[in-house]
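In: predicted coordinates and the sequence they were generated for:
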Amino acid sequence: MVFVGQLVHSVGFYVLIAAQDFASIMLVLVSLLMVFVGDFQLGMGSICGATPLLSDDQTCTETIANVSSFVGRDLLNGKVSCSNAGVLMCEGVVASENLVRFTMIAAAVGAAASCCIPRRLIALSLSAEQSIKTAQALVAGKTQESA
């Protein structure tokens with residue numbers, strides 16, 4: 001009966017290791033995705049900041065009106081402004097660079113911590129269990145000597 005308990009305990013230990021490894025891999029993948037999205041946001045923010053034609057309604061409307069008069073055709077299709085026509089691609093895209101960078105760093109640190117901390121806790125748990133078994137064996141040996 002003791003052998004079955006040890007077998008379940010050993011198998012459970014390795015299942016715990018496998019589950020922790022799976023969770024760590026998933027966190028690393030999510031972290032990489034967050035870094036990719038953060039880089040995309042930073043890139044879009046710098047592009048949109050440098051191109052007022054795509055983010056500023058007044059600049060866009062004036063430019064399209066000038067081009068429309070040059071071409072002789074209404075490019076906004078009767079709409080009053082670029083925002084009404086849905087032409088502004090960068091409207092609301094500008095994000096806080098510090099927040100995006102902080103999120104990227106937090107994702108990387110979280111993934112690194114998820115790989116290291118649980119593995120160390122599992123090792124400490126196993127070490128403590130071995131210490132308990134050693135202490136129990138020493139106590140059992142001393143009680144047999146005294147008897």
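Out: In hand now; what should we look at?

In: what residue lies at the spatial centre of the protein?
Out: Residue closest to the average C-alpha location in the chain (C-alpha atoms, centre = their mean): Ser31, at 3.2 Å.

In: that one contacts Ala113, doesn't it?
Out: No. Taking contacts as C-beta atoms under 8 Å, Ser31 lies outside contact range of Ala113: 10.7 Å. C-beta here means a position set from N, CA and C on the backbone, and glycine is covered the same way.

In: hang on, the earlier thing: and the gap between the residue nearest to the centre of the chain and Asp39?
Out: From Ser31 across to Asp39, the span is 13 Å (C-beta to C-beta, to the nearest Å).

In: same question, Arg73
Out: Applying C-beta to C-beta, the value for Arg73 to Asp39 is 39 Å.

In: only alpha carbons, please: show the one helix or strand Cys60 maps to as CSV.
Out: Element membership for Cys60, per DSSP states H and E: helix 57-71. Output of helix 57-71 as CSV, limited to C-alpha atoms (Å, rounded to 0.1, in the frame of the first residue of the first chain):
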residue,chain,number,x,y,z
ASP,A,57,-9.1,66.1,-39.3
GLN,A,58,-8.6,69.8,-40.3
THR,A,59,-5.3,69.1,-42.2
CYS,A,60,-6.7,66.1,-43.9
THR,A,61,-9.9,67.9,-44.9
GLU,A,62,-8.0,70.9,-46.3
THR,A,63,-5.6,68.7,-48.2
ILE,A,64,-8.4,66.5,-49.7
ALA,A,65,-10.3,69.7,-50.6
ASN,A,66,-7.2,71.0,-52.5
VAL,A,67,-6.7,67.7,-54.3
SER,A,68,-10.4,67.5,-55.1
SER,A,69,-10.4,71.0,-56.7
PHE,A,70,-7.3,70.1,-58.6
VAL,A,71,-8.7,66.8,-59.9
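
In: returning to what we had before: quick one: contacts for the residue nearest to the centre of the chain?
Out: Ala107, Ala108, Gly110, Ala111 (C-beta atoms under 8 Å, 6 or more residues apart in numbering).

In: which residue packs closest to the second one, ignoring adjacent ones?
Out: Using C-beta to C-beta, 6 or more residues apart in numbering and skipping residues adjacent in sequence, the residue nearest Ala108 is Ser31, 5.7 Å away.
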